[in-house]
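J.: below are the sequence and a predicted model for it; my questions follow.
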Amino acid sequence: MSTPTSDERRGTKRAQGNSEAAEASSASSSSSSTPSGVTLDELRQRVLSTRQAPVYGHDSVIACDRVVRIFSAERVEVQALQGLDLLVGKGDLIALVGASGSGKSTLLNILAGLDVPSAGSATVAGCDLLTMTPKERLRYRREVVGFVWQQTARNLMPFLTAAQNVALPMQLNGERWSAGRAKRRAARAGELLAALGIADLADRRPAQLSGGQQQRVAIAVAMANNPSVVLADEPTGELDSETAAEIFEAFRTVNRELGATVVIVTHDPMVAGEVRRTVAIRDGRTASEVLRQTVTEADGTETVSEREYVMLDRTGRVQLPREFLNALGMEHRVAVDLAADHIAVRPDDQREG
Ligand SMILES: Nc1ncnc2c1ncn2[C@@H]1O[C@H](COP(=O)(O)OP(=O)(O)OP(=O)(O)O)[C@@H](O)[C@H]1O
């Protein structure tokens, strides 16, 4: 390669100078390009589209964004939720699983309006769980969410019949008594018990019902005010596996036929086979999800496929499965291969020792 003469160098310099001057002088022209080759129009478009980007979770019924919950007990701080993200779409039926102490109940109590996050944001059906007034919180707990707890004693009044238990939340809604309203409430209670297959038990008290029957009445109670979301904490914890399957079926009924979004916290290992989406919580964050799909073949046979995903948080962090990290000796630093359609994460190949 020949070395340029000083004139040639000057010429090159002049040419560069001219092009820089041209760029500078045309900076106000919308069609000219910036040094990176992007036109100003394109840049403006990018800025505008970022500004107009929909709010996180705008189309979800539950949107948790970096939720933190810190408990202080005996001068020790426990971070039960450490920036948890979760989106649940309208009409979803999901299970939340995780080891003991991972933060499931803390999250459920927040979604139930019984506890308030220390930081982050959380909305359910448009209600902001951090800023609700006590009055709004009461309305939220009566109308927006319904609960089913593990202990049936917490779900049902022992001295009321099944039908009266279901009518009670409607009565507590603050409407003045009238014969017409009482009739409508009784009719709705009857409909809900029928939808859950226990219409014939309407006049029994909880003590005259089996554990599974009590939980089905509890689901009807949770649905009484037609909430947007039903939250259940270990609803099958005290039931045998056959009865537990019936309870999951009851949740599917309220989800499919009555349109409620359902979130079930459970330890039950068979849950992944019962719901479409299972979200695992680890160390106060959503860590992974299993999505289950039933595909009907042309000949009518049904195949179920399951796929596991790890969560990508809003800052780009992922939680990789601990067992794999241990097995592959991955810690502190990993090698990353970037490809057009995927990112491969491999053990650190420069590690010493
Ligand atoms: N009121 C509280 N005061 C102090 N620490 C708490 C409180 N509630 C929960 N924690 C702590 O927060 C963490 C998460 O607890 P949480 O009950 O949400 O877990 P979990 O996943 O529901 O567990 P389990 O499956 O055993 O019910 C735990 O370390 C727990 O000890």
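T.: Structure received.
J.: show me the helices in the stretch 101-250 of the chain, by range?
T.: With DSSP state H, counting those that start in this stretch, the ranges of helices along the stretch 101-250 of the chain come out as 104-111, 134-139, 152-155, 162-171, 179-195, 211-223, 241-256.
J.: for those helices, give me a markdown table that also has mean pLDDT, mean neighbour count and distance to the ligand.
T.: C-beta coordinates here come from the backbone N, C-alpha and C atoms, glycine included. A markdown table is the format used below for the helices of the stretch 101-250 of the chain (pLDDT from 0 to 100; neighbours: other C-beta atoms under 10 Å; distance: least, C-beta to the nearest ligand atom, whole Å):
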| stretch | mean pLDDT | mean neighbour count | distance to the ligand |
| --- | --- | --- | --- |
| helix 104-111 | 95 | 22 | 3 |
| helix 134-139 | 92 | 12 | 18 |
| helix 152-155 | 78 | 15 | 15 |
| helix 162-171 | 91 | 22 | 25 |
| helix 179-195 | 86 | 16 | 28 |
| helix 211-223 | 94 | 25 | 18 |
| helix 241-256 | 90 | 18 | 16 |
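J.: quick one, which of the ones you listed is nearest to residue 265?
T.: Taking C-beta to C-beta, helix 104-111 is the member of the helices of the stretch 101-250 of the chain nearest to residue 265, at 4.6 Å.
J.: tell me what that closest one is packed against?
T.: Applying 3 or more C-beta pairs under 8 Å, 6 or more residues apart in numbering; DSSP states H and E, we find helix 104-111 packed against strand 60-73, strand 76-89, strand 93-97, strand 119-124, strand 229-233, strand 261-265.
J.: what pairs with the fifth one, parallel or antiparallel?
T.: With DSSP bridges as the test, strand 229-233 is paired with strand 145-148 (parallel), strand 261-265 (parallel).
J.: tell me what angle that strand forms with strand 76-89.
T.: On the basis of axes from the mean of the first three to the mean of the last three C-alpha atoms, to 10 degrees, strand 229-233 is oriented at 140 degrees to strand 76-89.
J.: work out for me the element residue 37 sits within.
T.: Using DSSP states H and E, residue 37 maps to neither a helix nor a strand.
J.: okay, now it: neighbour count?
T.: 7 (other C-beta atoms under 10 Å).
J.: that one and residue 43: what is the separation?
T.: The gap separating residue 37 from residue 43 is 11 Å, by C-beta to C-beta, to the nearest Å.
J.: rewinding a little: and the ligand, which of the strands paired with strand 229-233 is closest to it?
T.: Among the strands paired with strand 229-233, the nearest to the ligand by C-beta to the nearest ligand atom is strand 261-265 (6.9 Å).
J.: any idea of the mean pLDDT in that closest one?
T.: Mean per-residue pLDDT for strand 261-265: 95.
J.: can you tell if the next helix or strand after that strand touches the ligand?
T.: Note on strand 261-265: by DSSP H and E, the next helix or strand toward the C-terminus is strand 277-282. No - judged by C-beta under 6 Å from any ligand atom, strand 277-282 and the ligand are separated, with a smallest distance of 6.7 Å.
J.: need the next SSE after strand 277-282, C-terminal direction.
T.: Going down the chain from strand 277-282, the next helix or strand is strand 285-296, by DSSP H and E.
J.: angle of that following strand against strand 93-97?
T.: Using the same axes, to 10 degrees: strand 285-296 against strand 93-97 is 140 degrees.
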